[in-house]
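Participant: just a sequence and a predicted model for now, questions to come.
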Amino acid sequence: MLESALSDTLLRQLMAVGQVDILVGLPTLNNAGTVTDVVRAVNVAFNRDFPRVRTVMINSDGGSTDGTPELVRAATLTEADMVQTSHSLRTLHRVLAPYHGLPGKHTALHSLFAAAELTQAKVLVVLDPSGPATIPERVSELIDPVLRGETQFLAPRYRRHARDGVLITQLVRPFVRAVYGVGLDEPLGAEFACAGAFASHCLDRDIWNHEAARFAIDLWLRSEAIATGVSVSQIWRPATSGAGLRATLREAVQQIVLSLAECLRAHENFWIATTAIVDLPTFGTDTAVIPDSPKWDVPSLAGHARQDLLAISPVLTEVLDRETVTRIVEDIARDEWSVDDELWVRIVYAFAVAMRRSRAGSEDLAGMFVPLYLWRAAAFMARTAPEQPTTVQQRLDGLCDTFLRLKPALVSGWSAEV
Amino acid sequence: MIQEIADALVESWRNFADAFVQFVPRLVAATIILAVGTAIAMLVRIVVHRLLASLHFDKMAARIGASEMLRVAELPSAELLVAKIAFWIVWIGFVVSAIDTLQFGAFQGLVEQFFHFVPRFLLALLVLALGFLFGNFVWRATLITSVNAGLPGARLLAAMLRLLVIAIGVVMALEQLRLATAVVLTAFAIAFGALMLGLAIAFGLGGRDAARDLLEQHFKAKPTRGDSDVGPHL
């Protein structure tokens, strides 16, 4: 496994590094704008907060064309950094290696996990190169709880406007909460920290070359941690935008739906038995400052959703009953769309069950789901446009409750003989 | 003279009586074959229908899109249709056997021809079913992909591709049956060639701008419809 994940160059460099306690991974792809600050922050954090600990920072680059690797190599401590930093008692290792294999974050993470295994790292931290760890405190606060053994997996938690991140709030978060029974806020957050033992465990799982991991490997890692009984916590972090994302919206929805289905398959023995949602411990401080509501082009999204749903309505009957399809078609014919949580949840669960039964056609099913998501997102945006954030938040909480309340329908559909 | 006429009549009557005596058992045998065959064919229909029902054949047919075609053509459900086909094959087999038993000169070799035709007929049915299956697969995949790629007229494009695949299936099935092979193949080749030429001319001349837009969108990786605002969704 190690041999396939690590290039010769990386293997050679890691053998020179030897054993480490903390491995900070920085998977990059054209992050020249922010990567220097992040690398400096990591160096300062190593020097100042972990001077006696063996550390290494690995930049796993996916083929940047904007000089990101050169910036990582050249990033040094500034004079201001030197003033506030004591000298590390250990050598600060910095390893730069382009990853090989399939393009995507999952391949970069595969390399980092394999590097953690090889160096027997106690803590593996993966940072988002586009921020928010541009100050040392943001790096150290991710490392500390895992290094002290207070948790084995630390996921970020963002303070968002209730109308922000519709794909998260309308699908991923309530789905993961209801199915896995944990109050996880950001199942797709780009950053995380985990114990070395968990990294080794993940290396043995058959997910790394799977298509479903290409986009949403972060989702799989979190669900794997929850399902295997690893202690999972959250930490308040500054919100990051999806601006650096290279996938289109439709690709993102498809990939996330495929990943959710893959997670359900992988952890069915765990989630079928869970019936309630458990809150997770949270580290850090909530800024409690609610960002502004994002700007949405609702008419445009609604237009695409209407057109696409009308086009694919004949195939929707393969997954949904005729009555549901008729309701959707009637709904999109009106100017004001309804936001029926129960209908939405039943649609999501019906697709999950259909993907279990038709593994070969999963990609088509995920493609069929995209217009339904656009419909739901447009309806949610239009309905909540005039509402206060607290009212919208109540709607989001209500949606989570509906996902949990209707979970028996998912369990019975999933467990039914195929 | 009268004696000769009487002899001829007696001879004729004797020949008729001999032929009748020889024919009656064959007629009885043919009648029995027909009656038993009809009973067996009905039994086969019931067994096939129940077997297919237990295999949820109607659902499978619905999944490949054949049910919709049958509904439009006002034909019975897929299970019933296959059961009826089985009935008719078995029944016609017994009818041919019964006719052969009667030993009419004009129908000599009919049984042999029939049993040569049956495998071709079954193969043609299989080819047709595969045509429907593949046609529906192409239709579904094209519809979903073209909708998500933001192509205009996704439904029309998918329907045309399905029609094309099914048409190829029908032509192949007719070829198996060896029914007017030359006519069918020629007609299909002309129609297919004309369609492709028409499309090429229409797309190349009439839809020059659309073609340029599509190619630009594909090669310049321009965001497709509804994808410019991916950030706020995550």
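Facilitator: Now that the structure is in, tell me what you want to look at. Just so you know, these numbers come straight off a predicted model, no measurement behind them. Numbering: from 1, shown residues only, chains lettered A, B, ... in the order given.

Participant: how near is residue A:62 to residue B:28?
Facilitator: Note on residue A:62: its distance to residue B:28, by C-beta to C-beta, to the nearest Å, is 86 Å. Placement of C-beta: from N, CA and C, glycine included.

Participant: neighbour-wise, which of these two wins?
Facilitator: Each of residue A:62 and residue B:28 has its neighbours counted (other C-beta atoms under 10 Å in any protein chain shown); residue A:62 has more, 17 against 11.

Participant: need the per-residue pLDDT for that one.
Facilitator: Looking at residue A:62, its pLDDT reads 84.

Participant: do the same with residue A:325
Facilitator: The model's pLDDT for residue A:325 equals 89.

Participant: quick check: longest helix of the chain.
Facilitator: Answering for chain A, as no chain was given. Secondary structure of chain A per DSSP state H: the longest helix is helix A:362-384.

Participant: my question was about chain B
Facilitator: When chain B is parsed with DSSP H, its longest helix is helix B:2-54.

Participant: and the helix or strand just after that helix, what does it pack onto?
Facilitator: Next along the chain after helix B:2-54, taking DSSP states H and E as the criterion, comes helix B:57-64. Using 3 or more C-beta pairs under 8 Å, 6 or more residues apart in numbering or on different chains; DSSP states H and E, the elements in contact with helix B:57-64 are helix B:66-72, helix B:78-101, helix B:110-148.

Participant: could I get those helices as a markdown table with mean neighbour count?
Facilitator: Formatted as a markdown table, the helices and strands packed on helix B:57-64 follow (neighbours: other C-beta atoms under 10 Å in any protein chain shown):
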| stretch | mean neighbour count |
| --- | --- |
| helix B:66-72 | 16 |
| helix B:78-101 | 19 |
| helix B:110-148 | 18 |
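
Participant: least confident of these, on average?
Facilitator: Taking the mean pLDDT of these, helix B:66-72 comes last: a mean of 72.

Participant: other SSEs contacting that helix?
Facilitator: If contacts are counted by 3+ C-beta pairs under 8 Å, 6+ apart, helix B:66-72 sits against helix B:57-64, helix B:78-101, helix B:110-148.

Participant: now tabulate the ones you listed in JSON lines and tack on distance to residue B:35.
Facilitator: Formatted as JSON lines, those follow (distance: least, C-beta to C-beta, whole Å):
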{"stretch": "helix B:57-64", "distance to residue B:35": "30"}
{"stretch": "helix B:78-101", "distance to residue B:35": "9"}
{"stretch": "helix B:110-148", "distance to residue B:35": "18"}
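
Participant: could you give the number of residues near residue A:353?
Facilitator: Per other C-beta under 10 Å, the neighbour tally for residue A:353 reads 22.

Participant: quick check: it is in a helix.
Facilitator: Yes. Assessed by DSSP: H, G, I helix; E, B strand; the rest coil, residue A:353 belongs to a helix.

Participant: that one and residue A:414 touch, don't they?
Facilitator: Yes. Look at residue A:353 against residue A:414 with C-beta atoms under 8 Å: they come within range, at 5.7 Å.

Participant: ok, back up a step: what is the orientation angle of the following helix or strand past the longest helix of chain A with helix A:362-384?
Facilitator: Downstream of helix A:362-384, the next assigned helix or strand under DSSP H and E is helix A:389-405. Counting by axes from the mean of the first three to the mean of the last three C-alpha atoms, to 10 degrees, helix A:389-405 points 140 degrees away from the direction of helix A:362-384.

Participant: let me know the average pLDDT across helix A:389-405.
Facilitator: 94.

Participant: in it, which residues are buried?
Facilitator: A:389, A:392, A:393, A:395, A:396, A:399, A:400, A:401, A:402, A:403, A:404 (16 or more other C-beta atoms under 10 Å in any protein chain shown).

Participant: ok, now stretch A:171-181?
Facilitator: Using 16+ other C-beta under 10 Å as the test for burial, stretch A:171-181 gives A:171, A:172, A:173, A:174, A:175, A:176, A:177, A:178, A:179, A:180, A:181.

Participant: please save the CA atoms from that stretch in PDB.
Facilitator: In PDB, the C-alpha atoms belonging to stretch A:171-181 read as follows (Å, rounded to 0.1, in the frame of the first residue of the first chain):
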ATOM      1  CA  LEU A 171     -28.500  17.700   1.800                       C
ATOM      2  CA  VAL A 172     -25.100  16.800   3.200                       C
ATOM      3  CA  ARG A 173     -25.400  18.000   6.800                       C
ATOM      4  CA  PRO A 174     -29.000  16.800   7.600                       C
ATOM      5  CA  PHE A 175     -28.400  13.500   5.800                       C
ATOM      6  CA  VAL A 176     -25.100  12.700   7.600                       C
ATOM      7  CA  ARG A 177     -26.600  13.900  11.000                       C
ATOM      8  CA  ALA A 178     -29.700  11.700  10.600                       C
ATOM      9  CA  VAL A 179     -28.000   8.700   9.100                       C
ATOM     10  CA  TYR A 180     -24.900   8.600  11.200                       C
ATOM     11  CA  GLY A 181     -26.500  10.000  14.400                       C
END
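
Participant: and it, anywhere near chain B?
Facilitator: No. Residues of stretch A:171-181 are not located near chain B by C-beta under 8 Å from any C-beta of the partner chain, the shortest gap being 9.0 Å.

Participant: neighbouring contacts of that stretch?
Facilitator: A:182-188, A:219, A:222-223, A:226-227, A:256, A:260, A:264, A:267, A:270-271, A:274-278, A:345, A:348, A:373, A:396, A:399-400, A:402-404, A:407, A:410 (C-beta atoms under 8 Å, 6 or more residues apart in numbering or on different chains).
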